[in-house]
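# Have a look at this prediction, sequence included:
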Amino acid sequence: MKDTPKPDKRRKYDAAFRAEALRLADPIRSTQAESPWSRLKTEVLELREWPVFADLADAQAGVADYFDYYNHGRRHSSVGYQTPYHTHQQLLQATALNCPA
């Protein structure tokens with residue numbers, strides 16, 4: 001028979017779970033969080049033979065490589081066909097120039 005969490009721990013867990021679910025339910029957050037993972041799935045994972053990764057280290061390296069490409073090499077239509085990194089650097093420069101010293 002499984003041990004069930006004590007009622008006070010269970011209430012804390014349920015409250016935390018509900019708070020996180022509400023945070024993720026925000027359409028903007030949801031879209032921003034899901035888009036890179038969706039792209040990873042269609043651009044990388046579905047193109048590989050099974051098993052997709054040899055082990056955990058291979059999976060971590062593969063995902064890290066993809067997100068490096070996603071942020072530094074892949075052009076995004078939502079930011080004028082620039083990379084997110086380039087767009088972020090421009091924003092930082094504009095902010096620094098407009099910030100009084």
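That came through, no problem.

# Low-confidence ranges, the chain, go.
Applying pLDDT under 70 to the chain flags residues 1-7, 21-34, 98-101.

# Repeat the analysis, applying 80 as the threshold.
Applying pLDDT under 80 to the chain flags residues 1-36, 96-101.

# What ranges does it have for its helices?
Ranges of helices within the chain are 7-25, 27-43, 56-72, 84-98, based on DSSP state H.

# Buried deepest among these, which one?
helix 56-72 (a mean of 13; mean count of other Cβ atoms under 10 Å). C-beta coordinates here come from the backbone N, C-alpha and C atoms, glycine included.

# How far off centre is it?
Distance, stretch centre to chain centre, for helix 56-72: 12 Å (Cα atoms, centre = their mean, to the nearest Å).

# ditto for stretch 36-49
For stretch 36-49 - counting by Cα atoms, centre = their mean - the centre lies 14 Å from the chain centre.

# Convert the C-alpha atoms of it to CSV, please.
The C-alpha trace of stretch 36-49 is given here as CSV (Å, rounded to 0.1, in the frame of the first residue of the first chain):
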residue,chain,number,x,y,z
PRO,A,36,10.5,26.6,-28.7
TRP,A,37,9.6,23.1,-27.5
SER,A,38,7.2,22.7,-30.5
ARG,A,39,10.0,23.8,-32.9
LEU,A,40,12.4,21.5,-31.2
LYS,A,41,10.0,18.6,-31.7
THR,A,42,9.4,19.3,-35.4
GLU,A,43,12.9,20.6,-36.4
VAL,A,44,15.0,18.0,-34.5
LEU,A,45,13.3,15.2,-32.7
GLU,A,46,11.0,14.0,-35.5
LEU,A,47,13.9,13.9,-38.0
ARG,A,48,16.0,11.4,-35.9
GLU,A,49,15.7,7.6,-35.8
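
# Tell me which residues are up against that stretch.
52, 62-63, 66-67, 70, 74 (Cβ atoms under 8 Å, 6 or more residues apart in numbering).
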